[in-house]
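> Kindly generate the corresponding structure for this input.
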Amino acid sequence: MARQPVSKELWLQLQPLIPTFTPSAKGGARKLAVSDEAALNGILFVLHTGIPWEDLPQSLGYGSGMTCWRRLRNWSAAGVWQRLHQAMLMRLREHDQIDWSRASIDGSSVPKPPGGQETGPNPTDRGKLGSKRHIVVDARGIPLVVLVSGANRHDSMMFERCLDAIPGVAGLQGRPRKRPAKLHADKGYDYKRCRAHLRQRGISSRIARRGIESSERLGKHRWVVERMHGWFAGFGKLRIRFERRLDIHEALLKLAAAIICARFVDRWC
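The predicted structure is shown next:
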């Protein structure tokens with residue numbers, strides 16, 4: 001998906017989620033030197049371009065890179081990014097634009113130069129250190145879940161956690177919905193416990209069987225999750241995991257998911 005300015009919808013959903021600034025007792029009544037909107041623009045600039053935080057140009061008027069990084073960290077600790085993603089999903093469901101008829105799951109390895117939480121030797125990259133991004137999308141490719149693990153963690157080991165992390169999305173009459181009718185997955189998830197987990201939740205399984213089926217037969221529906229990995233990789237700060245801290249990396253992933261949802265909102269709602 002081409003890089004585009006962030007929609008007003010994203011800011012309208014984010015603004016009420018931002019915690020009220022409380023000045024330090026030692027700092028008196030000092031106000032924020034950089035507005036929340038300017039800090040968000042700085043965060044987005046770093047997310048899109050992938051530049052180091054300290055290289056954020058002061059001429060842009062977004063404040064210093066460290067100011068934006070601290071705002072990202074503080075909002076993450078307050079649960080802002082998860083709630084923003086949830087808010088964008090709700091906007092889509094209000095217009096009945098989430099297709100629960102099927103979902104797809106997949107993981108993708110991401111290089112990780114420094115160490116940090118949820119990293120490990122990547123067996124597909126000569127044992128180099130890396131992380132894995134695990135995604136669940138609906139039938140149209142809307143990101144419902146994004147989680148992180150070490151690159152040495154097999155995709156199937158995150159299966160239950162990913163399915164259980166699908167949020168209940170309100171927006172229409174009745175209970176919030178969180179279960180797709182069917183789940184598509186490749187041979188990496190061909191295990192009895194994965195199928196049993198789906199049965200327990202009343203979800204039909206469409207998992208390629210090792211030695212029997214070709215993964216290409218699932219491409220008609222599962223390509224949307226592979227496309228989503230490509231969209232995440234389109235954010236410069238996510239192409240390689242630069243952040244040693246897991247909470248910062250997850251915050252950027254959730255913000256990226258909200259941005260992608262906002263683009264769907266602009267198109268369909």
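> What lies in contact with the one helix or strand residue 68 maps to?
Per DSSP states H and E: residue 68 is located in helix 65-77. The contact list for helix 65-77 (C-beta atoms under 8 Å, 6 or more residues apart in numbering) reads 18-19, 33-34, 36, 39-40, 42-43, 46, 52-56, 62, 81, 247-248, 250-252. For every residue, glycine as well, the C-beta is placed using N, CA and C.
> With stretch 181-193 instead?
100-107, 154-156, 159-160, 163, 194, 198, 203-210, 213, 215, 218, 221-222, 225.
> 6 Å - rerun?
Contacts to stretch 181-193, defined as C-beta atoms under 6 Å, 6 or more residues apart in numbering, come from residues 101-105, 155-156, 159, 198, 203-210, 215, 218, 221-222.
> what's the answer for stretch 42-49, then?
Contacts of stretch 42-49 (C-beta under 6 Å, 6+ apart): 3, 6, 56, 62, 63, 68, 72, 235, 236, 237, 252.
> redo that, cut-off 10 Å
Contact partners of stretch 42-49, identified using C-beta atoms under 10 Å, 6 or more residues apart in numbering, comprise 3-6, 10, 34, 51-53, 55-57, 60-65, 67-69, 71-72, 75, 234-238, 242, 251-253, 255-256, 259.
> just stretch 224-232 next, same as before
1, 99, 102-108, 110, 133, 135-143, 146, 184-186, 219, 238-239, 252-253, 256-257, 259-260, 263.
> at 8 Å what do you get?
For stretch 224-232, contacts defined as C-beta under 8 Å, 6+ apart pick out 1, 104-106, 108, 133, 135-137, 139-141, 143, 146, 184, 238, 253, 256, 260.
> Just the buried subset of the residues you listed, please.
Buried by 16 or more other C-beta atoms under 10 Å: 104-106, 108, 133, 135-137, 139, 141, 143, 146, 184, 238, 253, 256, 260, out of the contacts of stretch 224-232.
> Let's see which of these end up in helices.
The helices, defined by DSSP state H, take in 238, 253, 256, 260 from these.
> Now flag whichever of these is closest to residue 169.
residue 260 (15.3 Å; C-beta to C-beta).
> Next up, the contacts around the closest one.
Here residue 260 is in contact with 1, 142, 143, 228, 231 (C-beta under 8 Å, 6+ apart).
> Turn these into JSON lines, columns for pLDDT.
Formatted as JSON lines, the contacts of residue 260 follow (pLDDT from 0 to 100):
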{"residue": "1", "pLDDT": "41"}
{"residue": "142", "pLDDT": "98"}
{"residue": "143", "pLDDT": "98"}
{"residue": "228", "pLDDT": "97"}
{"residue": "231", "pLDDT": "97"}
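> Next step: those residues restricted to strands.
When DSSP state E is applied, these are split such that residue 143 fall in strands.
> Make TSV from the contacts of residue 260 and add distance to residue 174 to it.
Below are those laid out as TSV (distance: C-beta to C-beta, whole Å):
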residue	distance to residue 174
1	31
142	19
143	23
228	27
231	30
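> closest to residue 85 among the contacts of residue 260?
For the contacts of residue 260, the nearest to residue 85 is residue 143 (7.9 Å; C-beta to C-beta).
> So the residue nearest to the closest one when sequence neighbours are not counted versus residue 162, what's the distance?
Ranked by C-beta to C-beta, 6 or more residues apart in numbering and with sequence neighbours excluded, the top spatial neighbour of residue 143 is residue 257, at 4.5 Å. Relative to residue 162, residue 257 is positioned 13 Å away (C-beta to C-beta, to the nearest Å).
> do residue 268 as well
Applying C-beta to C-beta, the value for residue 268 to residue 162 is 25 Å.
> Also residue 13?
Residue 13 is 24 Å from residue 162, by C-beta to C-beta.
> cool, and residue 134?
Relative to residue 162, and taking C-beta to C-beta, residue 134 is found at 5 Å.
> For the nearest residue to residue 83 once chain neighbours are set aside, grab the count of nearby residues.
Counting by C-beta to C-beta, 6+ apart, residue 83 lies nearest to residue 17, which is 5.2 Å off, once chain neighbours are set aside. Look at residue 17: counted by other C-beta atoms under 10 Å, it has 16 neighbours.
> Phi, psi for residue 208 please.
phi -60, psi 140 (degrees, to the nearest 10).
> Over to residue 46?
phi -70, psi -40.
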